[in-house]
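Enquirer: Return atomic coordinates for the entry below.
(one chain, ligands or ions: 1)
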Amino acid sequence: MPKVRPLLPLVVFFLVLSAVVFHLTLRAIAQTPSERDAAVQKLLADLEATRSRYANVPRKDGEFLNLLVKATQAKNVLEIGTSNGYSAIWICLGLEETGGKLTTIEINPRRVQEAKANLSKAGLAHRVTFLEGDAHKVVERLPGPFDFIFIDADKGNEMDYFNKLFPKLQPGGVIVLHNAIRFQNQMKAYLDHVSNHPQLNTVILSLTMDDGFAVSYKKRK
Ligand SMILES: C[S@@+](CC[C@H](N)C(=O)[O-])C[C@H]1O[C@@H](n2cnc3c(N)ncnc32)[C@H](O)[C@@H]1O
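Expert: Next up is the predicted model:
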């Protein structure tokens, strides 16, 4: 017993030290929601600085995708054309509210790695499955169903995506095509098709007055 007593202050010291380290570590890991929001907004702003290199959607279009995911309560989202993950971040921020998941396809391996890093930085990687390869082939092996499909890849080849994915789009779901104004000539076959399709309601809209989306809703009946 007399030998234990001198050790007591040391034991107490280490206990207190451990508690302080534990507390500080927890504080560093568990950011408050506003700290996390600020970090994601900073990341988005950083990505906007390299937007033209990665052909990302403009910020307003990212905000629109985010709103549309929430408004449609989308749960199973497919994106064709991940690039470095900018639009995926906006989609996943919407999925944080709906509890849904994103599958995103990109043909360029370096971009897949960059997208993975960016979604991790945003704290959203748990929402995403990244698929690498030619989306025309990859979509054939995806079972679906999807309730939200966002196409933003090789312009002019949308009809192939449409033909392969329309059967996998749930009634009540939406299919959203980017660059429907700037690339309207290359996309004419698709735009005519979705505008006249008896199972779809389609609108073409712009938030930037420069380019925009074709948004098609698959009727329930
Ligand atoms: C316009 S960028 C996508 C931008 C992204 N949606 C964003 O806003 O952050 C188009 C991307 O599609 C990819 N891509 C082009 N053809 C593809 C294909 N056949 N399969 C998969 N990805 C493809 C390109 O490598 C490019 O990264």
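
Enquirer: who are the neighbours in contact with residue 181?
Expert: Counting by CB atoms under 8 Å, 6 or more residues apart in numbering, residue 181 touches 204, 206, 210, 211, 212. All C-beta atoms are positioned from the backbone trio N, CA, C, and that covers glycine.

Enquirer: just those now: which is nearest residue 194?
Expert: Among the contacts of residue 181, residue 204 lies closest to residue 194 (CB to CB), at 9.4 Å.

Enquirer: how many other residues sit next to the closest one?
Expert: If you count neighbours by other CB atoms under 10 Å, residue 204 ends up with 16.

Enquirer: Once you drop chain neighbours, what's closest to the residue positioned nearest the centre of the chain?
Expert: Central residue of the chain (CA atoms, centre = their mean): residue 88, 2.1 Å from the mean position. Excluding the flanking residues, the one nearest residue 88 by CB to CB, 6 or more residues apart in numbering is residue 104, at 5.3 Å.

Enquirer: Surely that neighbour touches residue 111?
Expert: No: using CB atoms under 8 Å, residue 104 is not in contact with residue 111; the gap is 10.6 Å.

Enquirer: Can you check which residues contact both of these two?
Expert: Residues touching both residue 104 and residue 111 (CB under 8 Å, 6+ apart) are residue 82.

Enquirer: Who has more neighbours out of those two?
Expert: For residue 104 versus residue 111, neighbours defined as other CB under 10 Å are more numerous around residue 104 (26 against 17).

Enquirer: If the more buried one is in a bridge, with which residues?
Expert: residue 79, residue 130 (DSSP bridges).

Enquirer: Report the contact partners of it.
Expert: Applying CB under 8 Å, 6+ apart, we find residue 104 in contact with 78, 79, 80, 82, 85, 88, 115, 128, 129, 130, 131.
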